[in-house]
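In: Sharing a model prediction with you, sequence too.
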Amino acid sequence: MQAITTILFATDFSEVSNHAFAYAVSLADQLQTRLVVLHVVAHQTDLRDYYVPHISFDDLDREIEAGAVQRMEEFRRQWGATVPGLTTDVVTGTAAEEILAKAEKEQASLIVMGTHGRKGFDHFIFGSTAEKVVKTARCPVMTVGPQLRPPMSS
């Protein structure tokens, strides 16, 4: 078994992601490892084929990206002092692809992410980023569902 030296935590800033973050922090603390937090801003290009009056999609993309960067800065301010070695990044693209690319770039030993646990039609429509990452990652992936209780602090 390979030693865990870097944990990549993927967040969508949802309650489920915040819940999964507790696991990532607990593991990073216990293993004394580096923790990298990533948020992926989805491309809005799918909307470009539809007529929506008075909206510049480039402006919309910029506003969404700026909002994501601001949320990540707030996240870093909230957790940076209590999580040694925390680094953060915001990228734009397809979530699963960007998570996998970041894991490769950072040489992540483990990816931790929340999963919404969608089933049936919701899963068919929205897909599962976690499922795509689990199936194609070159390192272990820990998914945390909304029903799990946060780990105990050390």
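Out: Nice, I can see it. Residues are numbered from 1 along each chain as shown.
In: Name the residues that touch stretch 58-75?
Out: Thr11, Phe13, Val37, His39, Val41, His43, Gln44, Thr88, Asp89, Val90, Thr92 (C-beta atoms under 8 Å, 6 or more residues apart in numbering). Backbone N, C-alpha and C define where each C-beta goes, glycine included.
In: could you point out the longest helix in the protein?
Out: helix 57-79 (DSSP state H).
In: Tell me the buried residues in that one?
Out: Asp61, Ala68, Met72, Phe75 (16 or more other C-beta atoms under 10 Å).
In: Including pLDDT and distance to Cys139, could those go into TSV?
Out: Shown next, in TSV, are the buried residues of helix 57-79 (pLDDT from 0 to 100; distance: C-beta to C-beta, whole Å):
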residue	pLDDT	distance to Cys139
Asp61	77	30
Ala68	92	25
Met72	94	23
Phe75	90	23
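In: if we can go back for a sec, what's the first helix or strand after the longest helix of the chain?
Out: Downstream of helix 57-79, the first helix or strand assigned by DSSP states H and E is strand 86-93.
In: right, and the helix or strand after that next one?
Out: helix 95-106.
In: how many degrees apart are that next one and strand 86-93 in direction?
Out: Orientation check (axes from the mean of the first three to the mean of the last three C-alpha atoms, to 10 degrees): helix 95-106 against strand 86-93 gives 130 degrees.
In: one step back: among the buried residues of helix 57-79, which pair sits farthest apart?
Out: Farthest apart among the buried residues of helix 57-79 by C-beta to C-beta are Asp61 and Phe75. That separation is 20.9 Å.
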